[in-house]
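3D model of this:
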Amino acid sequence: MSRRVVVVAALAVFGIAASLPILRAQSPGNDVAQGAPTYTRDVAPILYKNCTGCHRPGELGPMSLLTYTNVYPWTKSIAARVSAETMPPWHADPSTGEFLNDRRLDPKDKATLLKWIANGAPEGDPKDLPPAPRYAEGWTIGQPDAVVKMGEDYPIPASGTIAYQYFEVPTNFAEDRWVTAYEVRPGNRAAVHHVIVYTRQPAPPTPPQRAEGQPARPRPQPVFTMPEAQTTIPAGQTGGEQLPDDQRKPLGPNDRPAPKGLASSIGGYVPGNGARVYQPGTAMRLAAGSSIVFQMHYTSTGKPTTDRTSIGFVFSKEPPKTELRGTALINGALHIPAGAKDYRVDAEMTINRDVTLWGMLPHTHVRGKRWSYEVVFPDGRTQTILAVPRYDFDWQTDYVFKQPLKLPKGSTLHAAAWYDNSPSNKSNPDATKDVWWGDQTFEEMMFTGLTFSVDPAPPVAAAGAH
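Sure thing, here's the model as predicted:
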């Protein structure tokens, strides 16, 4: 039904089987042409920098690339994928902007890899080999300051559709913490479709009663507004109204319903993206006394299994200069006709405060094929800030701007996504059916996660100042 089994998906990306026979072209270190690249001197540094974060034991990649012995059997497929620019995976159009987390190979490194493989992939002199990178065991962000883990090994059935499950874990932090990096570690990557980690803050103190005749305080205008129809999610789906009593499925013994009072997201995991390190001087606030709530979307894998997902946090020692926040641009009213091959869905939001946009994460399910984002500024100027012409459900990226974008009050952010609901989409669960917004992979979403900060208000001039 889904391309979600990570190892299979990753092998498909490389387009090979592990048993593919590749003959060693020469003995390691022997008969290397003058000036030809070798693994130890030229290639290992490239792989250490660009590949081993995922391609090492226990990580997302289906094979380790930490040693020459690991790498050599895969050289043919590495050449094919590097030439096609499908590895390392990166799907944004570089003409629309620069991104801190751009995974593309430097052209010189690409040329070195391909030349090395074309020359028989010699190992070279072991004395040239640089030290292998050191990773904190189990973490790509380094050793976390705190790890919060689900309180149970949740049982996942062998088959069937699994509703979102929620697991609340107290943090017991007596003071606010400032998150400078997080990483979500699924306990069972094959069964975890996505994770959103929310906070649930302690109940606020009861405000004092307003004296009779005292006017109510006006509610502050929200930072962003969207058309009401666009934010209306179908009943029965997460974020939508509850279904009528006679249409609700009764809770079973393994159902973990959502607790009330969920606040903002503090982290998440989607295929290909489960960690974020924020820029220096920025952080997200984790309020004292908050609980962590894991929203888990599981996919059955054909056999009973379990999962216990965790999130690791790195904290700043002091409050940051800039507090980061998160929100989402959605179109919950999307409707994609059966058989439509290139169907466009739009969404937009109005920006009511001066803000800085730090990153964007586009999300659809398996029918999504490309995205484009434009900002219309108050002076009428239009700028494309991100285009993803090759969206890939298996490698969903949080695109972090190299230069954060200043969006003044009155700007409009517009998103357009295109979907392939036709039989030619090999990942399409059923091209004969119309598709609406829904939680499950066989349904669809148009969702963009935004990381932003609110700019300080300009100082108010003193009365009588000129």
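
residue ranges in this structure under the pLDDT threshold?
1-32, 203-218, 460-466 (pLDDT under 70).

ranges for the helices of it?
Here the chain has its helices, by DSSP state H, at 6-14, 44-50, 68-71, 75-84, 107-118, 228-231.

what comes into contact with the second one?
Right, helix 44-50. Residues outside helix 44-50 that contact it (Cβ atoms under 8 Å, 6 or more residues apart in numbering): 55, 65, 68, 71, 88, 103, 105, 109, 112-113, 129-130, 132-133. Placement of C-beta: from N, CA and C, glycine included.

residues of that helix that come out buried?
Residues of helix 44-50 classed as buried by neighbour count (16 or more other Cβ atoms under 10 Å): 44, 45, 46, 47, 48, 50.

rebuild those residues as TSV, extending it with distance to residue 248.
Listed next are the buried residues of helix 44-50 as TSV, based on distance: Cβ to Cβ, whole Å:
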residue	distance to residue 248
44	57
45	57
46	55
47	52
48	53
50	49
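
most widely separated two among the residues you listed?
Greatest spatial distance among the buried residues of helix 44-50 (Cβ to Cβ): 44 and 50, at 11.3 Å.

ok, residue 346 touching residue 329?
No - counting by Cβ atoms under 8 Å, residue 346 sits too far from residue 329 to count as a contact (10.6 Å).

so what sits against both of these two?
In contact with both residue 346 and residue 329: residue 415, using Cβ under 8 Å, 6+ apart.

neighbour count: those two, which is higher?
residue 329 (22 against 13; other Cβ atoms under 10 Å).

for that one, list each beta-bridge partner.
Following DSSP bridges, residue 329 is listed with bridge partners residue 448.

what's it in contact with, if anything?
Applying Cβ under 8 Å, 6+ apart, the residues contacting residue 329 are 224, 226, 347, 348, 349, 413, 415, 447, 448, 450.

what about 7 Å?
By Cβ atoms under 7 Å, 6 or more residues apart in numbering, residue 329 lies in contact with 347, 349, 413, 415, 448, 450.

and residue 160, how far is that from residue 299?
To residue 299, residue 160 is 10 Å away according to Cβ to Cβ, to the nearest Å.

the more surrounded of those two?
For residue 160 versus residue 299, the count of surrounding residues by other Cβ under 10 Å is larger for residue 299: 18 against 7.

run through the residues that contact the residue nearest the centre of the chain.
Geometric centre of the chain, nearest residue: residue 273, 4.1 Å, by Cα atoms, centre = their mean. Going by Cβ under 7 Å, 6+ apart, residue 273 touches 396, 397, 398.

cutoff 10 Å now
Neighbour list for residue 273: 60, 101, 184, 194, 361, 363, 395, 396, 397, 398, 399 [criterion: Cβ atoms under 10 Å, 6 or more residues apart in numbering].

just those residues now: which is nearest residue 288?
residue 184 (22.1 Å).

that closest one and residue 150 touch, don't they?
No - in this structure residue 184 lies outside contact range of residue 150 using Cβ atoms under 10 Å: 11.1 Å.

tell me the residues that contact both of those two, please.
195, 294, 309, 310, 311.

what subset of the contacts of helix 44-50 is buried?
55, 65, 68, 71, 88, 103, 105, 109, 112, 113, 129.

I'd guessed the second one sits against residue 78; true?
Yes - judged on Cβ under 10 Å, residue 65 makes contact with residue 78 at a distance of 8.4 Å.

list residues touching both of these two?
43, 47, 51, 71.

what sits against the residue nearest to the third one when sequence neighbours are not counted?
This means residue 51. Nearest residue to residue 51 in three dimensions, chain neighbours excluded: residue 65, at 5.0 Å (Cβ to Cβ, 6 or more residues apart in numbering). The contact partners of residue 65, by Cβ under 10 Å, 6+ apart, come to 43-44, 47-48, 50-52, 54-56, 71, 74, 78.

likewise residue 146?
Counting by Cβ under 10 Å, 6+ apart, residue 146 has contacts 171, 173, 177, 179, 286, 292, 311, 312, 313, 314, 315.

bridging residues for it?
Under the criterion used here (DSSP bridges), residue 146 is bridged to residue 313.

one more: residue 357?
Beta-bridge partners of residue 357, as defined by DSSP bridges: residue 405, residue 452.

that one contacts residue 351, correct?
Yes - Residue 357 is within contact range of residue 351, at 9.1 Å (criterion: Cβ under 10 Å).

thought residue 135 was touching residue 58?
Yes - with contacts defined as Cβ under 10 Å, residue 135 counts as touching residue 58 at a distance of 9.5 Å.

so which of those two has more stuff around it?
residue 135 (18 against 10).

what does the more buried one show for phi and psi?
phi -120, psi 140 (degrees, to the nearest 10).

and the gap between the nearest residue to it once chain neighbours are set aside and residue 39?
Nearest residue to residue 135, sequence neighbours excluded (Cβ to Cβ, 6+ apart): residue 56, at 6.9 Å. From residue 56 across to residue 39, the span is 16 Å (Cβ to Cβ).

more neighbours: those two, which one.
Taking other Cβ under 10 Å, residue 56 and residue 39 do not tie; residue 39 has more neighbours (25 against 19).

widest-spaced pair of the contacts of helix 44-50?
It's 103 and 129 that sit farthest apart of those, by Cβ to Cβ, at 24.0 Å.

burial of residue 254, as a residue count?
With other Cβ under 10 Å as criterion, residue 254 counts 12.

same check on residue 200?
22.

residue contacts, the residue nearest to it when sequence neighbours are not counted?
Leaving aside its chain neighbours, residue 200 sits nearest to residue 291 (4.4 Å; criterion: Cβ to Cβ, 6+ apart). By Cβ under 10 Å, 6+ apart, residue 291 lies in contact with 148, 168-172, 198-202, 259, 261-263.
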